[in-house]
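1. Quick one, what's the 3D model for this:
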Amino acid sequence: MVLAKNLKTQHNRAQFIVRTDHVKGVMLSRLKNIPVDNIHPWLVCVEPYKEKRTSAQNRRYWGILEDWFADLQSAISEISQSTGYTPQECKRLIKRALIGGQLDCYLGFLDASSTKGIHDILKGAWPLPVEDGEKTTTELKKKKFTDYADEIGMELDKFYDAILLVRDKVA
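-> Here you go, the predicted structure:
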């Protein structure tokens, strides 16, 4: 079997990204040569190809969230040490200081216990740039996902800056 540049094979599985007649020919040849019987049927699916985010983009996105979550925990710890309040009391203090402002939708970050919690809150608070049936960040194309991650980073920075202002007022 000839492998085309855009062909991935794994055991009895093959995926083709058909961009050229050559790849189309390889795909059709593979399809013609599969054994056909009632005991071992094959599933063949043809659908439009959409480029999705890369693993590097995924690592960057989760890295942004992880770094920010660590910074948030550090800021709460600083406030706690300088005021003598418990971290939970500090979170309530921050919420009282920020409630009613533009960042209300992010106050739940203070209750998140993990990076995944931050991600879940973002899903509800930050609008996804949806088109072409995309419903989650996983479905976003590369460029849109990069833009989304950049916007999320800027929004998280705004919230963090607001927390630092609270810290500076109470410290």
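
2. Okay, now the unreliable bits of the chain?
-> Flagging of the chain using pLDDT under 70 yields the residue ranges 1-11, 129-135.

3. and if we set it to 90?
-> Low-confidence segments of the chain (pLDDT under 90): 1-19, 23-24, 26-27, 29-55, 97-108, 120-149, 151-152, 155, 166-171.

4. Let me see the domain layout of it.
-> If you go by automatic domain parsing, the domain ranges for the chain are 1-49, 55-170.

5. Tabulate those domains (a markdown table), appending mean neighbour count.
-> For every residue, glycine as well, the C-beta is placed using N, CA and C. Formatted as a markdown table, those follow (neighbours: other C-beta atoms under 10 Å):
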| stretch | mean neighbour count |
| --- | --- |
| domain 1-49 | 11 |
| domain 55-170 | 15 |
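
6. what secondary structure does Ala14 sit in?
-> Secondary structure state of Ala14, per DSSP: H, G, I helix; E, B strand; the rest coil, is strand.

7. Could you report the distance from it to Asp104?
-> Distance, Ala14 to Asp104, by C-beta to C-beta, to the nearest Å: 50 Å.

8. same check, this time on Pro35
-> Relative to Asp104, and taking C-beta to C-beta, Pro35 is found at 61 Å.

9. Equivalent analysis for Tyr160, please.
-> 16 Å.

10. other SSEs contacting the helix or strand where Ile76 lies?
-> Assigned by DSSP states H and E, Ile76 belongs to helix 55-83. Using 3 or more C-beta pairs under 8 Å, 6 or more residues apart in numbering; DSSP states H and E as the contact test, the elements touching helix 55-83 are helix 87-98, helix 115-125, helix 142-170.

11. can you redo those as JSON lines with distance to Ser77?
-> What follows is the helices and strands packed on helix 55-83, written out as JSON lines (distance: least, C-beta to C-beta, whole Å):
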{"stretch": "helix 87-98", "distance to Ser77": "7"}
{"stretch": "helix 115-125", "distance to Ser77": "17"}
{"stretch": "helix 142-170", "distance to Ser77": "10"}
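
12. Looking at these, which is nearest to Asp71?
-> helix 142-170 (6.0 Å; C-beta to C-beta).

13. any idea how far the closest one is from the chain center?
-> 15 Å (C-alpha atoms, centre = their mean, to the nearest Å).

14. Having no further points to raise, I will conclude here.
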